[in-house]
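Chemist: what follows is a predicted structure for the sequence shown.
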Amino acid sequence: MRVLLIEDEVRLAENVASALRDGPGFAVDCARDGEIGLGLARNLCYDLIILDLMLPRLDGLSVLKRLRSRQDHTPVLVVTAQSEVGSTITLLNCGADDYLSKPFDLGELLARAKALIRRGKGVAHPTLQAGELVLNTLEQTVLRAGSEITLSPMEYRILEYLMHRPRVIVSKQELLEHLYDYNWQHHSNVIEVHVSNLRKKITRTDEALASGTSIETLRNRGYRLLLSRTPGTYADDGRDGEA
């Protein structure tokens, strides 16, 4: 998942960004003022925006109002100073999804961030299930037919993203936009490699059942998590087609 952090306090921004990257493994873009943050929010895809109120150039409330006026429904978690708590009603009425008062506990921020992302994708529970796959977003574990499988951090993030959208075609570009921040140098085949490795790990090979969960590659379109596998659904010769 990809998060936009709009915060002008450098040390706080660094601590929050590190917690988001090291804990749930989110990609994080940082903006030091409201105008830059608004520009990023308008031009890039995010699963969550963490927004400070007291910002240079453009305050957080104005950023929030402008986002919502454009029908941007990205979940927004506002962080406020203690003296600003009285504006909670205004924040919620202007479209904030949640708020935290400074100083806050990083563990609580992470819990609220993950809950908002789940809610934004229509998922109330921290456990995702697709066919025989069960993914626990709190423990970051994956079970296949009751047995735990080991995934790399990027394989886990791809699977979590796809499990939020079972049977929906997700383009390679969409995966890149939601799993990497803007500082990462994109390589053309990195997603194909990760998806190919992930597919091998989640697809059952011990039986010819049509009940296993799998990842389908649709050439020039993207990837789709299938909850049942039937002969001919996809052909995997070890090389993923351009998605």
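Modeler: That came through fine. Numbering: from 1, shown residues only.
Chemist: can I take it that Leu51 is in a helix?
Modeler: No. Membership of Leu51 in a helix is not supported by DSSP: H, G, I helix; E, B strand; the rest coil, which gives strand.
Chemist: separation between it and Thr213?
Modeler: 36 Å (Cβ to Cβ, to the nearest Å). For glycine as for every other residue, the C-beta is placed from the backbone atoms N, C-alpha and C.
Chemist: any idea how this structure splits into domains?
Modeler: The chain breaks down by automatic domain parsing into domains covering 2-120, 127-226.
Chemist: which residues are contacting the lowest-mean-pLDDT helix or strand in the chain?
Modeler: Lowest by mean pLDDT, DSSP states H and E among the helices and strands of the chain is helix 88-93, with a mean of 84. Helix 88-93 is touched from outside by 61, 64, 78, 80, 99, with contacts defined as Cβ atoms under 8 Å, 6 or more residues apart in numbering.
Chemist: would you turn these into TSV with pLDDT and distance to Leu175?
Modeler: Output for those, formatted as TSV (pLDDT from 0 to 100; distance: Cβ to Cβ, whole Å):
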residue	pLDDT	distance to Leu175
Leu61	93	33
Leu64	96	28
Val78	94	28
Thr80	85	33
Tyr99	91	30
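Chemist: got a markdown table for those, with distance to Ile191 and secondary structure too?
Modeler: Below are those laid out as a markdown table (distance: Cβ to Cβ, whole Å; DSSP: H, G, I helix; E, B strand; the rest coil):
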| residue | distance to Ile191 | secondary structure |
| --- | --- | --- |
| Leu61 | 37 | helix |
| Leu64 | 32 | helix |
| Val78 | 33 | strand |
| Thr80 | 38 | strand |
| Tyr99 | 35 | strand |
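Chemist: now the longest helix anywhere in the chain: mean pLDDT?
Modeler: Criterion DSSP state H: the longest helix present in the chain is helix 106-120. Averaging pLDDT along helix 106-120 gives 93.
Chemist: cool, stretch 158-172 as well?
Modeler: When pLDDT is averaged along stretch 158-172, the result is 90.
Chemist: buried residues of it, list them for me.
Modeler: 158-164, 166, 170, 172 (16 or more other Cβ atoms under 10 Å).
Chemist: now do the contacts for Ile50.
Modeler: Applying Cβ under 8 Å, 6+ apart, the residues near Ile50 are 3-7, 16, 76-77, 79, 109, 113.
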